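Participant: Sequence first, then the predicted structure, then my questions.
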Amino acid sequence: MSAKKLSPEWRKILLAVLFIALNVGVIAVTATSEFGNSSNAAKLSEIKINWWLLLPAVLCFLVAITAEISKYALMIKRMSSAKNFKEKNGWKLARRTVLLGRYYDNITPAAVGGQPFQIYYMRKNSGLPSGASTSIPMFGMISLQVAFIIIALICFLFGGVAGDYPALIVTAWIGLAFYAFWPIMVAGVSFFPKPTTAFIKWIVKVLAKIKIVKNREKALKKVENEVKEYADSVKMILKTKGLFWQTILLSLIFNLFIAAIPFFVLTAFGGDVNFWSCLGTTIAVMSAVYFVPTPGNAGAAEGTFFVVFSALSSGYVFWAMLVWRFFSYYIYIIIGLVLYFLSYLEKRRKGVDA
């Protein structure tokens with residue numbers, strides 16, 4: 001007897017269970033990789049923490065995320081105006097695009113899932129043309145990387161890195177080169193759309209020959225239109241009065257406040273560190289682990305960030321790093337799951353109302 005097909009409702013439930021299991025698995029693997037060897041950790045009951053000093057860490061996270069959401073909301077507003085599109089709840093769209101993008105960044109290897117999802121989400125929910133919906137997430141990422149490069153160069157050139165870690169500095173410079181790769185690539189696509197279009201068309205033709213692309217002419221036309229629209233949208237962002245510098249400023253705020261979190265975590269656990277040195281060392285480590293191809297830089301982040309947290313006694317390092325990783329990694333997965341649950345409830349409510 002052939003097995004009965006699952007009903008649509010049961011398929012949704014099964015997919016939800018698998019989705020939650022995936023997230024639990026990612027968190028479990030990452031946590032085991034980073035904090036599985038906790039033999040040197042002091043007992044939590046013996047740890048003396050200045051809890052009130054963790055409030056600035058929470059505030060830093062909130063300011064950073066608000067700046068990033070504001071950046072997307074600003075681009076959505078300006079792009080909607082330029083495209084004669086009536087904006088609908090741009091702040092909500094920006095918030096979900098940013099937070100779900102950070103969620104996918106942290107559950108996919110080398111953070112490759114964030115921008116593709118943001119582009120998909122923007123195309124599905126913004127109502128903007130596909131080129132504009134693509135350019136906003138891409139420019140959001142590029143502005144973050146440009147801002148990080150600016151901060152890193154200031155820290156590296158003016159001695160903001162604490163201690164003598166030549167290997168860290170070399171790796172950080174290599175990481176900075178990786179940071180520069182995408183801004184250069186996107187600039188090339190934006191300002192040289194014809195070579196980009198020709199290259200993508202060649203790929204489409206190859207895929208058509210091996211029967212992966214069915215309607216070759218339709219696909220080629222779509223490529224030509226979308227590349228042109230994307231290039232025009234990026235140029236529009238650059239030409240819109242003040243928008244480029246506003247996005248860079250908001251990206252600088254995001255990067256600076258995220259990089260400041262380890263300082264407040266360290267001081268909460270009794271560490272005696274200089275703010276500028278701690279910030280510079282944090283930036284160097286963030287740059288050094290950028291090209292590590294694991295979700296949330298798992299494994300490399302824990303080992304490399306020991307440089308930052310080595311100011312604490314060995315028993316305190318484990319707990320301090322656990323708090324820091326909550327702010328830099330786990331919180332995005334938690335927020336992502338909450339947003340998906342809220343989205344599910346919204347869809348059910350609309351379905352019932354209909």
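Facilitator: Cool, the structure landed. Numbers count the residues shown, from 1 in each chain.
Participant: measure residue 270 to residue 49 for me?
Facilitator: 8 Å (C-beta to C-beta, to the nearest Å). In this view, the C-beta of every residue, glycine as well, is placed from N, C-alpha and C.
Participant: To clarify, my last question referred to residue 232.
Facilitator: Plainly put, residue 232 is 53 Å away from residue 49 if you go by C-beta to C-beta.
Participant: Residue 343 too?
Facilitator: 36 Å.
Participant: Looking at these two, which one has more neighbours?
Facilitator: residue 49 (16 against 12; other C-beta atoms under 10 Å).
Participant: Could you list the single helix or strand in the protein with the lowest mean pLDDT?
Facilitator: helix 300-304 (a mean of 51; mean pLDDT, DSSP states H and E).
Participant: all helices for the protein, in order.
Facilitator: Here the chain has its helices, by DSSP state H, at 8-35, 54-82, 90-107, 114-125, 130-157, 166-191, 193-209, 216-239, 243-268, 275-288, 300-304, 306-309, 314-325, 331-353.
Participant: which one of those is the most hemmed in?
Facilitator: Mean neighbour count (mean count of other C-beta atoms under 10 Å) peaks for helix 275-288 among the helices of the chain, with a mean of 23.
Participant: For stretch 121-129, give the mean pLDDT please.
Facilitator: Mean per-residue pLDDT for stretch 121-129: 83.
Participant: same check, this time on stretch 321-339
Facilitator: 83.
Participant: What of stretch 149-168?
Facilitator: Per-residue scores along stretch 149-168 average to 75.
Participant: Next, the contact list for the closest residue to residue 179 other than its chain neighbours, please.
Facilitator: Leaving aside its chain neighbours, residue 179 sits nearest to residue 145 (4.9 Å; criterion: C-beta to C-beta, 6 or more residues apart in numbering). If you count contacts by C-beta atoms under 8 Å, 6 or more residues apart in numbering, residue 145 has them with 179, 180, 182, 183.
Participant: right, and residue 268 touches residue 48 too?
Facilitator: No. Using C-beta atoms under 8 Å, residue 268 is not in contact with residue 48; the gap is 10.0 Å.
Participant: rewinding a little: name the nearest of the contacts of residue 145 relative to residue 199.
Facilitator: residue 182 (16.8 Å; C-beta to C-beta).
Participant: Sketch out the low-pLDDT regions of the stretch 1-150 of the chain for me.
Facilitator: Along the stretch 1-150 of the chain, the parts satisfying pLDDT under 70 run over 1-47, 82-88, 109-113.
Participant: Tell me who's in contact with residue 116.
Facilitator: residue 104.
Participant: From residue 182, how far off is it?
Facilitator: 13 Å.
Participant: Also residue 259?
Facilitator: In terms of C-beta to C-beta, residue 259 sits 20 Å off from residue 182.
Participant: next one: residue 128
Facilitator: Residue 128 is 22 Å from residue 182, by C-beta to C-beta.
Participant: go on, residue 209?
Facilitator: Separation of residue 209 from residue 182 (C-beta to C-beta): 30 Å.
Participant: Also residue 341?
Facilitator: With the distance defined as C-beta to C-beta, residue 341 ends up 32 Å from residue 182.
Participant: And residue 271, by the same measure?
Facilitator: Distance of residue 271 to residue 182, computed by C-beta to C-beta: 34 Å.
Participant: got it, and residue 57?
Facilitator: Here the criterion is C-beta to C-beta. By it, residue 57 lies 29 Å from residue 182.
Participant: Also residue 139?
Facilitator: Taking C-beta to C-beta, one finds residue 139 at 11 Å from residue 182.
Participant: And residue 106, by the same measure?
Facilitator: In terms of C-beta to C-beta, residue 106 sits 18 Å off from residue 182.
Participant: Same check on residue 290?
Facilitator: Relative to residue 182, and taking C-beta to C-beta, residue 290 is found at 11 Å.
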